[in-house]
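In: Provided below for reference: sequence and predicted model.
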Amino acid sequence: MKPVNESESMEKEEDSEVKSLAEFLMTHHSEQLHSIVVSPEPKLHYPLYIDFTDLLNENSRLAHLVLAQPTVYLLLFDRAAFWAHKIVIKGLKFGEKGVEKKFIHVRINVCGSPLECPETFPSIGRVRVKHRGILLTLKGTLIRSGAIKMYEGERMYQCRKCKHVFPVHPELESRNSITLPSFCPSQRSKSCEGTRFDCVDESVIRHDYQEIKIQESTQVLGVGVIPRSIPVILMDDLVDIVKTGDDIIVTGILTAKWSPDLKDVRSNLDPVLIANYVRRTNELKADIDIPNDVIMKFKQFWSDFNDTPLKGRNAILRGLCPQIFGLFTVKLAVALTLIGGVQHVDASGSKIRGESHLLLVGDPGTGKSQFLKFAAKLSNRSVITTGLGSTSAGLTVTAVKDGGEWMLEAGALVLADGGLCCIDEFDSMREHDRATIHEAMEQQTISVAKAGLVTTLSTRTIVFGATNPKGQYDPDQSLSVNTALSGPLLSRFDIVLVLLDTKNPEWDAVVSSHILNEGESNKGDHDEDLGNIWTFSMLRRYIHFVKGYFRPVLTKEAEKVISSYYQLQRRSATYNAARTTVRMLESLIRLAQAHARLMFRNEVTRIDAIMAILCIESSMTTSAIVDSAGNSLHSNFTENPDEECILVSNLGMLKRTYMLAKTVISWKTKKWDAARGISRTSSDFQRKLHFD
């Protein structure tokens, strides 16, 4: 036991530190203290948020002590907060009523401070023993969340000999077991040396307790690197503030606990982070830096193409997956899907998603996987997987048992919330995923009721799928028969494109020439300049900028085009397909808004509505919108796209829409697609785009 004079000096030093911390809280966080004081509930756990930068500027010595010895100084901070709130109670104005609180916890936010460095803000995979015992900050995605339990944080004992009362805290490293001292810890002038203690009745302080697991983001990892994860302990006011799939930043103390006892398995210490501060970063996904000079380049680009806007649009589309020749239809669909439309919320609170979904159906070797990988790189938040290659959580969510406790494990759609989910081999999904993906794609939520865990998770993600046809593609059969995907699931996709590897000698010659001459630079100066402008980084910045900057609204002309098409679509639809036309109308609006964003505009014009209709017309059929051969695989960029749209330049009657469509759509085949209820005959399409 320490000498009496040393113990007294330590107590005085602690009191001095508590006083300094309390003065800091009362100076910089008086409003938070006042709101805590006037709250009527005395037994709740109240958080008091402070910024580490403010503490560093006010008292650098205490700030460094909090960083180096958080186990001790975070407790002193809580004592200081309790003392400060009692002073605030005494200083309340006349008529204000304050209630003394039992539990106040100081939560330290290190974001934006000097602690955002590799030593104190490492990736999860780089956490080592040297980080133990310091104030550590980790960033990751929540992949598992456990049930809320009760944790015994403190228990009072009394010495039988001298009646001294002292607290005992459970040790996390020994699975929260309580170890009593070997002799009485009283600090009197004469040592008691008692060895027998009794637990004081009604002295146990319990806390809410929850274990979660976070995993480092795959976006910051290299190829072949396995993402690491670490368990995190949330207590008191921190429990249940984040959900599976959330991106979070956690500040806390790294410690360890014994792994569970398993037969014939050596027990080791597993690292665990005891959280002090948790922040959701789902809304803070703007991690793509867009300088002002880059924005000026975008504006100058569209100023140069003011007279030929569609040619400028095609220059942007050529930057999508440039290693693949042609495929104008697919590249336009990918661009519109990545950009997306504007989410609509009506007066009742019902939401209509702004994200579009795209499915590519085609023969092997037609570039589907290349588009998936390129789209995943363009998105600032993406998850790429396969139907059967996903984890036990599949694509949605599942309940797993970890250490005798049921937890929710997030799948690909939940982890991609707010971004892009690329699913290759879409037709090979598990039966569980087939049943739940409908809600995830349309309502953008997943309702879970498994193993007693009932919740709803968010899946505000773009779904980009690719699949091969089942056997030889039969144009006379519906898409549902050719892909073994149900009609209701196919109707969730805004665009479905079919890529068939037909034998076309002319096309094969052009493609082979493009591949062989890919490394040569024999293009004109103008094309070379365009290629230099729309590099991968510029294209990524452009998509991110137009999504955040533009919120297009429909003009009267665009509404007239879409409304007429929808009304005639309803008249031509069969009873079984009638329910899909409402989704088709929503898809038209989303695609028109996406095309307006792509064209760097804040309003949806008639040409945007026409392009949306042409994308819908090319969907779920082998008749591509710009390919006379009737195959999206053979669609190519035209030399003068604006000349093809000259008929609608005056924005006159909607009859001209049909004349434009007639110039770019092949009417060789006449098909009826029962999955969407769209007539493929020339006369019927003419009636759809006709005004009296």
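Out: Structure received.

In: and the closest residue in space to Gln343 that isn't next to it in sequence, which of the three is it?
Out: Nearest residue to Gln343, sequence neighbours excluded (C-beta to C-beta, 6 or more residues apart in numbering): Gly354, at 3.7 Å. C-beta: built from backbone N, CA, C; applies to glycine. Recorded secondary structure, Gly354: coil (DSSP: H, G, I helix; E, B strand; the rest coil).

In: distance of Gly354 relative to Arg107?
Out: Here the distance between Gly354 and Arg107 works out to 34 Å (C-beta to C-beta, to the nearest Å).

In: again, but for Glu31
Out: From Glu31 to Arg107 the distance is 15 Å (C-beta to C-beta).

In: repeat that for Gly419.
Out: To Arg107, Gly419 is 28 Å away according to C-beta to C-beta.

In: am I right that Pro185 sits in a helix?
Out: No: counting by three-state DSSP, Pro185 falls outside a helix, being coil.

In: identify the bridge partners of Leu142.
Out: Per DSSP bridges, the residues bridged to Leu142 are Ile214.

In: so what does Ser486 have for phi and psi?
Out: phi -70, psi 150 (degrees, to the nearest 10).

In: what's the answer for Gln477, then?
Out: According to degrees, to the nearest 10, Gln477 has phi -100, psi 160.

In: can you pull the pLDDT of it?
Out: Predicted confidence (pLDDT) for Gln477: 77.

In: ok, Leu660 next?
Out: Leu660 is given a pLDDT of 41.

In: ok, Arg107 next?
Out: Confidence at Arg107, expressed as pLDDT, is 90.

In: and for the one 3 residues further on?
Out: Confidence per residue is given as pLDDT, and for Val110 that number is 84.

In: ok, now the one 3 residues further on?
Out: In this model, Ser113 is scored at 75, pLDDT.

In: now His544: which helix or strand?
Out: Using DSSP states H and E, His544 falls within helix 536-549.

In: let me see the mean pLDDT of that helix.
Out: 87.

In: and after that helix, which helix or strand comes next?
Out: Assignment by DSSP H and E places the next element after helix 536-549 at strand 553-554.

In: the following helix or strand past that next one: which residues count as buried?
Out: Helices and strands here follow DSSP H and E; after strand 553-554, the next one along the chain is helix 556-572. Buried residues in helix 556-572, counting neighbours by 16 or more other C-beta atoms under 10 Å, are found at 557-562, 564-566, 568-569, 572.

In: I'd like those as a markdown table, with pLDDT appended.
Out: Below are the buried residues of helix 556-572 laid out as a markdown table (pLDDT from 0 to 100):
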| residue | pLDDT |
| --- | --- |
| Glu557 | 88 |
| Ala558 | 89 |
| Glu559 | 89 |
| Lys560 | 88 |
| Val561 | 86 |
| Ile562 | 87 |
| Ser564 | 84 |
| Tyr565 | 81 |
| Tyr566 | 81 |
| Leu568 | 74 |
| Gln569 | 73 |
| Ser572 | 65 |
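
In: need those in a markdown table with distance to Gln593, can you?
Out: Formatted as a markdown table, the buried residues of helix 556-572 follow (distance: C-beta to C-beta, whole Å):
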| residue | distance to Gln593 |
| --- | --- |
| Glu557 | 15 |
| Ala558 | 10 |
| Glu559 | 12 |
| Lys560 | 16 |
| Val561 | 14 |
| Ile562 | 11 |
| Ser564 | 18 |
| Tyr565 | 16 |
| Tyr566 | 16 |
| Leu568 | 22 |
| Gln569 | 19 |
| Ser572 | 25 |
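
In: which one of those is nearest Phe94?
Out: Glu559 (60.7 Å; C-beta to C-beta).

In: tell me the contacts of that closest one?
Out: By C-beta atoms under 8 Å, 6 or more residues apart in numbering, Glu559 lies in contact with nothing.

In: likewise Gly367?
Out: Residues in contact with Gly367, defined by C-beta under 8 Å, 6+ apart, are 321, 324, 327, 330, 499.

In: reformat these as TSV; add secondary structure.
Out: Converted to TSV, the contacts of Gly367 look like this (three-state DSSP):
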residue	secondary structure
Cys321	coil
Ile324	coil
Leu327	coil
Val330	helix
Leu499	strand
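
In: so which bits of stretch 31-44 are buried?
Out: So stretch 31-44, judged by 16+ other C-beta under 10 Å, has buried residues 32-34, 36-37.

In: same check, this time on stretch 490-497
Out: Those would be 490-497, for stretch 490-497 by 16+ other C-beta under 10 Å.

In: same deal with stretch 148-161?
Out: Buried residues in stretch 148-161 (16+ other C-beta under 10 Å): 151, 153, 155-159.

In: roughly how far is the helix or strand where Val88 lies from the heart of the chain?
Out: Secondary structure from DSSP H and E places Val88 in helix 70-90. In terms of C-alpha atoms, centre = their mean, to the nearest Å, the centre of helix 70-90 is found 37 Å from the chain centre.
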